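[1] Fold the following for me, if possible:
(one chain, ligands or ions: 1)
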Amino acid sequence: MRVDLRLLAAGAVAAAVTVLASCGQGSEREPAGQTLARKYACLSCHGQNGEGGTGPAWKGLYGSTVTLQDGSTAVVDDEYLRTSVINPSAQIPQGVTVPMPVNPNVTPEDLETIIEYIKSLANA
Ligand code: HEC
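    Numbers count the residues shown, from 1 in each chain. Purely as a prediction, here's the structure:
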């Protein structure tokens, strides 16, 4: 029996596409920042769609006023988000019981893309 390798290859590609498409809802259309946040495991604490978990929700975070543990308040802007990831212990929100680990692998470019994603959830 003669096996057509091209057909086999086409089948493998189709199967891979099916697996990718079924992985998470609308993974092909999701924002780049969401994909990166999953890659860096941010979503395991902040929720698959930024709804929150061990860490605070990203939904509605941008532009909001956060009360910090020392009683001071901070408006969440780009700088706040950047500091939250680079130096999480610098500004710990009230009511939080666990610290956020620093992830030294996040590149500055990827961080900006993730920040764009968090900003897009401002009114979510
Ligand atoms: C192990 C769980 C965990 C992981 C993983 C994690 N975080 Fe967090 N994150 C937290 C916790 C807990 C806080 C609140 C305490 C703090 O700020 O240190 C927080 C705070 C934040 C805040 C500020 C939220 C606020 O309300 O002030 C941002 C922004 C943030 N994380 C982004 C990220 C990004 C981006 C990543 C991935 C690179 C990430 N986090 C990975 C647990 C996590």
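
[2] Quick check: residues of this protein near the ligand?
    37, 40-42, 44-46, 54-56, 61, 66, 81, 84-85, 88-89, 92-93, 96, 98-101, 103, 106, 114, 118 (Cβ under 6 Å from any ligand atom). (C-beta placed from N, C-alpha, C; glycine too.)

[3] Could you rerun that using 5 Å?
    40, 42, 45, 54-56, 66, 81, 84-85, 88, 92-93, 96, 98-100, 103, 106, 114 (Cβ under 5 Å from any ligand atom).

[4] center of the chain, which residue is that?
    residue 37 (2.7 Å; Cα atoms, centre = their mean).

[5] about what we covered before: okay, and which of the residues of the chain next to the ligand map to strands?
    residue 66 (DSSP state E).

[6] Out of the residues of the chain next to the ligand, which end up buried?
    40, 42, 55-56, 66, 81, 84-85, 88, 92, 100, 106, 114 (16 or more other Cβ atoms under 10 Å).

[7] wait, which of those is closest to residue 30?
    residue 114 (12.6 Å; Cβ to Cβ).

[8] Which residues are in contact with that closest one?
    33, 36, 37, 40, 42, 85, 106 (Cβ atoms under 8 Å, 6 or more residues apart in numbering).

[9] I figured the residue nearest to the centre of the chain hits residue 48, correct?
    No - using Cβ atoms under 8 Å, residue 37 is not in contact with residue 48, being 9.4 Å away.

[10] and the chain, what are its domains?
    1-30, 31-120 (automatic domain parsing).

[11] deepest of those, which one?
    Stretch with highest mean neighbour count among the domains of the chain: domain 31-120 (a mean of 15; mean count of other Cβ atoms under 10 Å).

[12] Let me see the mean pLDDT of that domain.
    Mean pLDDT, domain 31-120: 96.

[13] From one end of it to the other, what's the distance?
    9 Å (Cα to Cα, to the nearest Å).

[14] Next up, the contacts around the closest residue to residue 85 other than its chain neighbours.
    Of all residues not flanking residue 85 in the chain, residue 111 sits nearest, at 5.9 Å (Cβ to Cβ, 6 or more residues apart in numbering). Contacts for residue 111 (Cβ under 8 Å, 6+ apart) come out as 82, 85, 86.
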